[in-house]
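Peer 1: Got a predicted structure plus its sequence, pasted below:
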Amino acid sequence: MGISRQGVHQAVQREGVLSSQIKQIVAFAQTIRCEHPKMGARIIYRKMATSPDCQPWFDQFGRDKIEAILLNNGFRVVKVKNYHKT
């Protein structure tokens, strides 16, 4: 296949580190969402950006990547339709 054994094991290790970081991001976002149930992913990102605990994640991930992680893990705000039946 053209990939060495070492390359395969390094890829598996990188994937494990990435998934653990994603779990930490989601856990931190859960704590913010518990305090503010209607807060969207972009505002959660801004709140995380001001926290000193989250700074290692911002070295690796940008705004769009963290926002995509949050949206893929269920942090989308559901809009309620505002209409009246006449």
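Peer 2: Yes, it's here. What you are looking at is a predicted structure, and each value in this text was computed from that prediction instead of being measured. Numbers count the residues shown, from 1 in each chain.
Peer 1: can you list the residues that contact stretch 21-36?
Peer 2: Contact with stretch 21-36 is made by 39, 44, 47-48, 51, 53-54, 57, 60-61, 66, 69-70, 73, 75, as judged by Cβ atoms under 8 Å, 6 or more residues apart in numbering. Where you see a C-beta, it was placed from the backbone N, CA and C, and this is true even at glycine.
Peer 1: Can you pick out the most distant pair from those residues?
Peer 2: Met39 and Gln60 (23.1 Å; Cβ to Cβ).
Peer 1: from the chain's centre, how far out does the helix or strand where Ile43 lies sit?
Peer 2: Counting by DSSP states H and E, the element that carries Ile43 is helix 41-50. Helix 41-50 sits 10 Å away from the centroid of its parent chain (Cα atoms, centre = their mean, to the nearest Å).
Peer 1: ok, now stretch 35-48?
Peer 2: So, by Cα atoms, centre = their mean, the centroid of stretch 35-48 is 11 Å from its chain's centroid.
Peer 1: ok so, going back, who has more neighbours, Met39 and Gln60?
Peer 2: Comparing Met39 with Gln60 by other Cβ atoms under 10 Å, the one with more neighbours is Met39, at 16 against 11.
Peer 1: From Ala49, how far off is the more buried one?
Peer 2: 14 Å (Cβ to Cβ, to the nearest Å).
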